[in-house]
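A.B. asks: Quick one: sequence and predicted model below, then my questions.
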Amino acid sequence: MHDFTLLGNYLEVMETIIQSCPRVTQLVLNKVRLDGAMFNKFSKMAARLTTLSLTYCWPVRESDATTHDGSWIPFPELRELKVVGPPKNIPFREQLGLFEKSSKLEALAWELVDKGPEWTVQFVRALCDKLQYRDKVEVGADTRISTGCCWPRLDSLKITDRVDLNRSMFSQDLLKELLESCPNSLRRFVSKNSRFGREGWPALQRHLPTLEVLHLATSGWTIQEIMASCPKLQEIKSGTIFAGDVADTVQAEAWRRYAADGRTRELNYEINTAKCMGKKDLVDKLKAYKVYWPEPSSPPRPWVCRGLRSFRVTMERMKDDDEANRQVFGRFAQLRKLEVINIRPGWAGQLGGFDTRKYPSYLGYVKIQRSF
């Protein structure tokens, strides 16, 4: 036996696992009190765990209840960590400190529950500090700054919040800082409720060649660029992409130009507003966005994610441009491993007009979404 799931308060079961199942390396705890004798049992297993999931529970040592620093429970072999509903009375820096000795950690998933955006900001800042820490080191009479990362192997990151799906979880500045702080190019990145925009794009580019799973709230041209830049992508979940962002027709080109002009108008409005308010730093920052957000390529670059299996992105067709819509289905036809796709009802009516032998007939799931 290599894995075990424990629900409730079962001290005897934990004792049995320790004594009779020495090969257990994966542990899932759900609403289990980890204090007193239970804490002692848990700490004995910590050294051999490779996978740990804590849902609404947290280890607390009663002999030192006021100190939650986790240096007393090493997790030297831990590779995957999932935390759901961490305690509210322990600072995030100390929560993450519980696992800062886990140098083999590769995947981190952290789900905040019943916390507002300010709590999420605090957590992300604490996480960035762990991903890129700076320590003062005394070398003789000199003091030097040592930099490093608690988890040098980390390549999978998931941060979610159950508060409000329509509310932005954290700012673009914070999202950029998080992506830049990662020690490696990520394979998986899941960030719900965070609006991805101009400032985050250069930070995301570093990870595009290695991404296999991406959940990110963005739309339009950005999704097209992701599909054209992620050769290893297998799953994407995002906002809305339009046929005009993908196809190479006169009407599609006009659509892309209109969208680009709209972004420019919006940016100029923000700059002028900042000038009127006398915020010079903000003006300089907004002007820099024009570098971050290049013009869309024409024609749009081909998709390179040939191993894509799940496309949970709303695809909007172009009215009165059947050729553009045909080109979009041509893109999907190249994704021979595709199993899941989201389409609007307007698309479904056009399927009969195409030679279906050229398009994916092997889809395991097709979601027809309502148009609003």
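C.D. replies: Thanks, I have it.
A.B. asks: buried stuff in the helix or strand harbouring Gln327?
C.D. replies: For Gln327, the element it lies in under DSSP states H and E is helix 322-333. For helix 322-333, burial by neighbour count (16 or more other Cβ atoms under 10 Å) applies to 324-329, 331-333. Bear in mind the C-beta positions are built from the backbone N, C-alpha and C, glycine included.
A.B. asks: Export these to CSV and append columns for pLDDT and distance to Cys21.
C.D. replies: Output for these, formatted as CSV (pLDDT from 0 to 100; distance: Cβ to Cβ, whole Å):
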residue, pLDDT, distance to Cys21
Ala324, 86, 59
Asn325, 85, 57
Arg326, 87, 58
Gln327, 90, 56
Val328, 87, 53
Phe329, 85, 52
Arg331, 89, 50
Phe332, 88, 47
Ala333, 87, 50
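A.B. asks: And these, which is closest to Phe39?
C.D. replies: Distance to Phe39, by Cβ to Cβ, is smallest for Phe332 among the buried residues of helix 322-333, at 52.6 Å.
A.B. asks: you'd agree that closest one is up against Leu338?
C.D. replies: Yes. The criterion here is Cβ atoms under 8 Å, and Phe332 meets it with Leu338 at 6.6 Å.
A.B. asks: For Phe75, grab the count of nearby residues.
C.D. replies: As a burial measure, Phe75 scores 23 neighbours (other Cβ atoms under 10 Å).
A.B. asks: Grab the nearest non-local neighbour of it.
C.D. replies: In this structure, Phe75 finds its nearest non-sequential neighbour in Ser102, 4.4 Å apart by Cβ to Cβ, 6 or more residues apart in numbering.
A.B. asks: Contact partners for that neighbour?
C.D. replies: Applying Cβ atoms under 8 Å, 6 or more residues apart in numbering to Ser102 gives the contacts 74-76, 78, 81, 150-151.
A.B. asks: One more: Val190?
C.D. replies: Val190 touches 109, 157-160, 213-215, counting by Cβ under 8 Å, 6+ apart.
A.B. asks: Who are the contact partners of the nearest residue in space to Cys305 that is not next to it in sequence?
C.D. replies: Excluding the flanking residues, the one nearest Cys305 by Cβ to Cβ, 6+ apart is Leu233, at 3.8 Å. By Cβ under 8 Å, 6+ apart, the residues touching Leu233 are 211-214, 226-227, 305, 307-308.
A.B. asks: quick one: which of those sit in strands?
C.D. replies: Cross-referencing the contacts of Leu233 against strands under DSSP state E gives 213-214.
A.B. asks: Out of the contacts of Leu233, which end up buried?
C.D. replies: Among the contacts of Leu233, those classed as buried by 16+ other Cβ under 10 Å are 211-214, 226-227, 305, 307-308.
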